[in-house]
Structures are given as structure tokens and as C-alpha cells.
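Engineer: here is my input, please return the structure:
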Amino acid sequence: MVNRRTLLIGGLAAGVAAPGLAQTAAARRPVEVVPLWPGRPPGGERVKVVQRSVLRSPTSPPGDVAIYGITRPTLTIVRPERPNGTSLLMAPGGGYERIAMAADGGAIAHFLADRGFTVGALLYRLPYDGWSAGPDAPLQDAQRALRMLRQRAGGGWTGVVGFSAGGHLAGSLATRFAERTYPNMAGEDDVAARPDFAGLFYPVITMTDPFAHGPSRRNLIGRDPGPERIRRWSVEQNVPADTPPIFISAAADDAVVPVDNSLAMFSALRAAKVPSAMHIFDVGGHGFGSLSDLGGPGRYWPQLFQDWLSRQKLG
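Structural biologist: So this is what the prediction gives:
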């Protein structure tokens with residue numbers, strides 16, 4: 001008999017190595033792109049930017065784009081053929097300057113859908129584009145998106161995963177879910193914004209020197225933020241006791257976002273007695289386990305994450 005644990009672990013245990021991710025990129029499934037807000041997002045009266053996407057580099061393939069000036073935040077839902085009962089809101093990175101995400105959600109979203117997850121890739125607004133919420137504009141989108149994904153997935157566990165600056169957004173959602181960041185829309189926002197779990201991968205966490213990621217801090221809270229502003233948007237300084245379980249993974253040789261961000265978050269979670277796990281790989285740099293890094297130890301993060309998640313659900 002196939003029990004629940006077998007279903008949970010088997011999804012990612014098969015094909016977690018590089019070929020599985022590469023094959024996913026070659027044959028992706030259809031997606032559903034859903035606007036986050038009915039009409040214009042909240043607080044956009046002074047927004048003048050124009051949404052645009054560009055190749056991330058002159059040699060990038062067509063799907064490798066960066067999106068600037070987001071005025072139309074969306075949730076790109078990738079559905080599995082065999083759902084495992086768990087949904088993932090996925091927050092890509094980009095230093096709060098841009099969002100690095102393909103139009104169909106990207107390879108990792110499809111890789112996870114192949115393993116049974118219902119994935120919602122989040123295209124979120126950027127804090128410096130003139131939104132009245134400022135640094136909380138991305139969190140507004142994340143709260144809204146989690147509620148929408150939870151409803152559209154039809155129940156089951158719903159968590160959030162984030163990469164790089166998306167890890168900061170995922171961590172903010174996991175620790176600040178109780179805050180009402182936008183006016184309630186009757187009949188649409190009655191669903192809880194608290195994720196059941198979170199996965200933070202090579203995440204931006206702190207806004208404090210010397211470990212803050214400079215571009216993320218500048219784009220989120222300004223070039224010369226005061227102590228209170230730094231404290232408020234440093235995730236590790238705002239961990240309530242009811243934070244959901246969190247999984248963290250990073251590489252010790254990350255030259256972009258210091259691994260000390262992950263260490264600080266894990267220490268804060270332990271102090272708050274929040275169930276958590278951390279895997280630090282010796283090598284892998286920033287962005288390990290992606291299509292550009294198919295041979296490093298970071299390629300095992302899906303298996304480690306899924307094994308951890310299965311224990312949270314069965315516990």
C-alpha cells in the first residue's frame with residue numbers, strides 16, 4: 001500500500017539530480033496566468049513606470065528575462081498531473097530591482113510541478129516604483145497571492161518558497177502574515193495569509209551591516225535607512241512564536257548574499273522555538289541548483305526540502 005509519506009517523499013526523490021530539471025525545461029506544461037488585483041493594484045496613484053521585460057544578458061536564451069516596473073502583478077499557476085496535495089507560492093529574486101522570471105513561471109516551477117506540487121510563480125511589484133505602500137508593496141502581493149493560490153488549489157497545505165531577494169519576501173510573508181497590509185476585499189481575502197511552511201534558498205534576510213545585500217536594501221528601504229527602518233525589514237529581527245516551520249538552504253561560498261543571512265535567520269528561528277532546518281553546502285555560490293549549476297551539491301536541495309516537508313506534515 002502506498003502511504004502518505006511515500007507519496008510525499010517519492011515525488012522529489014525520483015529524478016532530483018540535474019537531468020530531471022533539464023528535461024523539465026525542454027517540455028513544460030500549460031499554465032494559467034491570473035491577475036492579482038481586480039483592476040489597478042492598491043496605492044498606485046503616483047506610479048509612472050511602464051512594465052517591460054528584457055533579456056538578462058545579450059547571450060540569454062529567449063525565456064531568460066528580467067521584468068522591470070511591474071504594474072500588472074500576476075500569479076502564474078503551474079498544475080501537476082498528479083497533485084501531491086501541497087501548493088507552493090514561489091517568489092523569484094532580482095534584488096527588489098527587477099524580477100527574474102520566465103513568462104511560463106520558469107524551469108524550477110515546472111520541475112516542482114513534475115513532482116506533484118501546484119506551483120504559483122509570483123510576479124510582484126517593486127518597492128521603489130512609487131507605490132504608496134513602499135517597502136510593503138511586494139508583501140501586499142505575496143499575501144494576496146497566497147490567499148488566491150490556497151483557494152484555487154482547493155485546499156491542502158500551502159507554503160511559500162523564495163530565492164535570493166524572493167527569500168526575503170517569503171520570509172516576510174512567513175513572519176508578518178498577521179499584518180493587514182491592504183484593505184480587505186469582501187469575499188476574496190477571507191482566507192488566511194499564513195503559509196503552512198516556508199523554504200528560503202540563498203535568501204536575503206537582514207538589512208543590517210555588514211551582511212546586508214546592498215542592492216536589495218537600497219531598493220527596499222533606501223540608500224540611508226535609519227535604525228528603525230532597518231529593524232523593521234530585517235526578517236531575523238521580527239520572528240513571532242507562531243511563525244510556520246521554515247527550511248533554509250544556502251552555500252558557504254555565496255559571494256552575492258553572504259551566508260550569514262541564513263545563519264542569522266536560523267538562529268532567530270531557534271530562539272523563537274520555531275521548527276526549522278538548515279542545509280549549508282560548501283560550494284555552489286549564489287543560485288545553486290539551477291539550470292546553470294547542474295553538477296554541484298546544491299542540486300540535492302529538492303530532495304532535502306521534500307524530506308523535511310514530509311516530516312512537518314506527518315508530525
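Engineer: make it CA atoms for all contacts and neighbour counts henceforth
Structural biologist: OK.
Engineer: for Glu45, helix, strand, or coil?
Structural biologist: Using DSSP: H, G, I helix; E, B strand; the rest coil, the secondary structure recorded for Glu45 is coil.
Engineer: all strands in the stretch 101-250 of the chain, in order from the N-terminus.
Structural biologist: In the stretch 101-250 of the chain, the strands defined using DSSP state E, counting those that start in this stretch lie at 118-123, 157-163, 198-201, 246-251.
Engineer: please confirm that Pro38 is located within a strand.
Structural biologist: No. Looking at Pro38 with three-state DSSP, it is coil, so not inside a strand.
Engineer: and it, how far is that from Arg72?
Structural biologist: The spacing between Pro38 and Arg72, counted by CA to CA, to the nearest Å, is 10 Å.
Engineer: neighbour count: the two, which is higher?
Structural biologist: Taking neighbours as other CA atoms under 10 Å, Pro38 and Arg72 compare with Arg72 leading, 16 against 8.
Engineer: show me what contacts the more buried one?
Structural biologist: By CA atoms under 8 Å, 6 or more residues apart in numbering, the residues touching Arg72 are 35-36, 40-41, 51, 125.
Engineer: could you pull out the helices for the stretch 151-300 of the chain?
Structural biologist: Taking DSSP state H, counting those that start in this stretch, the helices of the stretch 151-300 of the chain run over residues 165-175, 214-221, 227-232, 260-271.
Engineer: flag the shaky bits of the stretch 51-200 of the chain, pLDDT-wise.
Structural biologist: By pLDDT under 70, the stretch 51-200 of the chain has no low-scoring segment.
Engineer: okay, now Gly39: neighbour count?
Structural biologist: Residues near Gly39, counting by other CA under 10 Å, number 8.
Engineer: same deal with Asn184?
Structural biologist: A total of 11 residues lie near Asn184 under the criterion other CA under 10 Å.
Engineer: how about Phe201?
Structural biologist: If we define neighbours as other CA under 10 Å, then Phe201 has 28 of them.
Engineer: got it, and Arg52?
Structural biologist: Residues lying near Arg52 (other CA under 10 Å) number 13.
Engineer: wait, it sits on Tyr68?
Structural biologist: Yes. Using CA atoms under 8 Å, Arg52 makes contact with Tyr68 at a distance of 5.5 Å.
Engineer: quick one, what contacts Ile70?
Structural biologist: Contacts of Ile70 by CA under 8 Å, 6+ apart are 49-52, 123-126.
Engineer: meant to ask about Pro62
Structural biologist: Leu55 are the contacts of Pro62 under CA under 8 Å, 6+ apart.
Engineer: sec struct for it, please.
Structural biologist: Secondary structure, three-state DSSP: Pro62 is coil.
Engineer: could you measure Ala174 against Arg40, distance?
Structural biologist: Distance of Ala174 to Arg40, given as CA to CA: 26 Å.
Engineer: tell me which of these two has more neighbours.
Structural biologist: Counted by other CA under 10 Å, Ala174 and Arg40 do not tie: Ala174 has more neighbours, with 29 against 13.
Engineer: wait, the more buried one touches Leu200, no?
Structural biologist: No. If you go by CA under 8 Å, Ala174 and Leu200 don't touch, sitting 10.3 Å apart.
Engineer: most packed of the strands of the stretch 101-250 of the chain?
Structural biologist: Of all the strands of the stretch 101-250 of the chain, strand 118-123 carries the top mean neighbour count, a mean of 30, counting by mean count of other CA atoms under 10 Å.
Engineer: and the angle for that strand with helix 165-175?
Structural biologist: If you take axes from the mean of the first three to the mean of the last three CA atoms, to 10 degrees, strand 118-123 sits at 110 degrees to helix 165-175.
Engineer: helices and strands around strand 118-123, which ones?
Structural biologist: Contact partners of strand 118-123 among helices and strands, from 3 or more CA pairs under 8 Å, 6 or more residues apart in numbering; DSSP states H and E: strand 74-78, strand 86-91, helix 107-114, helix 137-152.
Engineer: any low-confidence regions in the stretch 201-315 of the chain?
Structural biologist: Along the stretch 201-315 of the chain, the model assigns pLDDT under 70 to residues 290-294, 314-315.
Engineer: hmm, try it at 80
Structural biologist: Applying pLDDT under 80 to the stretch 201-315 of the chain flags residues 289-295, 313-315.
Engineer: before we move on, back to that, state the pair within the contacts of Arg72 that is farthest apart.
Structural biologist: Leu36 and Gln51 (15.3 Å; CA to CA).
Engineer: look at the two and report which has more neighbours.
Structural biologist: Using other CA under 10 Å as the criterion, Leu36 and Gln51 rank with Leu36 on top: 22 against 12.
Engineer: pretty sure the more buried one is touching Gln143, no?
Structural biologist: No. Between Leu36 and Gln143 there is no contact under CA under 8 Å: 10.1 Å.
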